[in-house]
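Student: Model the structure of this input:
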Amino acid sequence: MTIATTLLTRLRNDILTGAIGPGEKLNLDRVRTSYGVSLSPLREALSQLVAERLVEANENRGFWTAQVSRENVEEIFWLRGTLEVMALERSIALGDDSWEADIVSTLHRLEKLSYLKSRTQGVPNEEWELWHRRFHNALIGASQAPVLVQFCNSLHDHADRYRRNFLKDIHQSRDSHQEHREISAATLNRDTARACSLLREHLARTGADILAAMPPAPPG
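Tutor: Okay, the predicted model is just below:
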């Protein structure tokens, strides 16, 4: 991996986890010193994050992390509920035994980590985050639509940013682990209508939870 690629991964992760908050100014000298890199790879990484809409840029004002808004949440989860469900539908139609095994194994690992996560409520669990992403990727992994999957991954990044910024300190009554089990079971049973409906509802609930946790929009 190049310095720019490594830096890109670190910066993206810090933005997604909230270590660098929404709307935060990215002073190039401070960021360069903090991450121990030169200006050239830093500009390269920031340019990529601008393309991913995680960073905003202005010729005169420099760089800052993307702002958050209720409208943006609604758009992200509307698109996820459309594109990710399309990818799942294709995967159910095209998936083979290897695809099924990937769903089973990632769900099993996620279940084990979910149990640990429930016992350490409020403590970030990066391994759970990794396997949560892998489970959602496994569901759409047989779609044979790389551009569609790329869009889904980008939307997942943006959704994770909101989830990890606004839901990290909130105890949720919903059983997301059971939701994952039901989506997996319907998918493996090749019950396309039920699997797609469950996934759409799962994503919509997360979006609604985030909106409920965000401060209300200012009047006017």
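Student: Show me the protein divided up by domain.
Tutor: The domain map for the chain lists 3-65, 70-213, with the assignment taken from automatic domain parsing.
Student: all helices of the protein, in order?
Tutor: Secondary structure of the chain (DSSP state H): helices located at 3-17, 28-35, 39-51, 70-94, 97-119, 126-139, 146-166, 176-188, 192-213.
Student: Show me what residue 26 is bridged to.
Tutor: Beta-bridge partners of residue 26, counted by DSSP bridges, are residue 63.
Student: Would you reformat the domains of the chain as CSV and include mean pLDDT?
Tutor: Converted to CSV, the domains of the chain look like this (pLDDT from 0 to 100):
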stretch, mean pLDDT
domain 3-65, 92
domain 70-213, 92
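Student: that older thread, mean neighbour count added to the helices of the chain, as CSV?
Tutor: Yep, even glycine has a C-beta here, placed from its N, CA and C like the rest. Putting those into CSV (neighbours: other C-beta atoms under 10 Å) gives the following:
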stretch, mean neighbour count
helix 3-17, 18
helix 28-35, 13
helix 39-51, 17
helix 70-94, 18
helix 97-119, 15
helix 126-139, 19
helix 146-166, 18
helix 176-188, 18
helix 192-213, 18
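Student: Of all these, which one is nearest residue 60?
Tutor: Closest to residue 60 of the helices of the chain is helix 28-35 (C-beta to C-beta; 13.9 Å).
Student: check contacts around residue 7.
Tutor: Applying C-beta atoms under 8 Å, 6 or more residues apart in numbering to residue 7 gives the contacts 35, 37, 41, 42, 45.
Student: How about it: what's its closest non-neighbour residue?
Tutor: Once flanking residues are discounted, residue 7 sits nearest to residue 45: 4.5 Å by C-beta to C-beta, 6 or more residues apart in numbering.
Student: I'd say the one you found and residue 14 touch.
Tutor: No - checked against C-beta atoms under 8 Å, the pair residue 45 and residue 14 is beyond contact range at 11.3 Å.
Student: ok, the contacts of residue 7 vs residue 197, which is closest?
Tutor: Of all the contacts of residue 7, residue 197 sits closest to residue 45, with 39.2 Å by C-beta to C-beta.
Student: where's the closest one relative to residue 187, distance?
Tutor: Going from residue 45 to residue 187 by C-beta to C-beta, to the nearest Å gives 36 Å.
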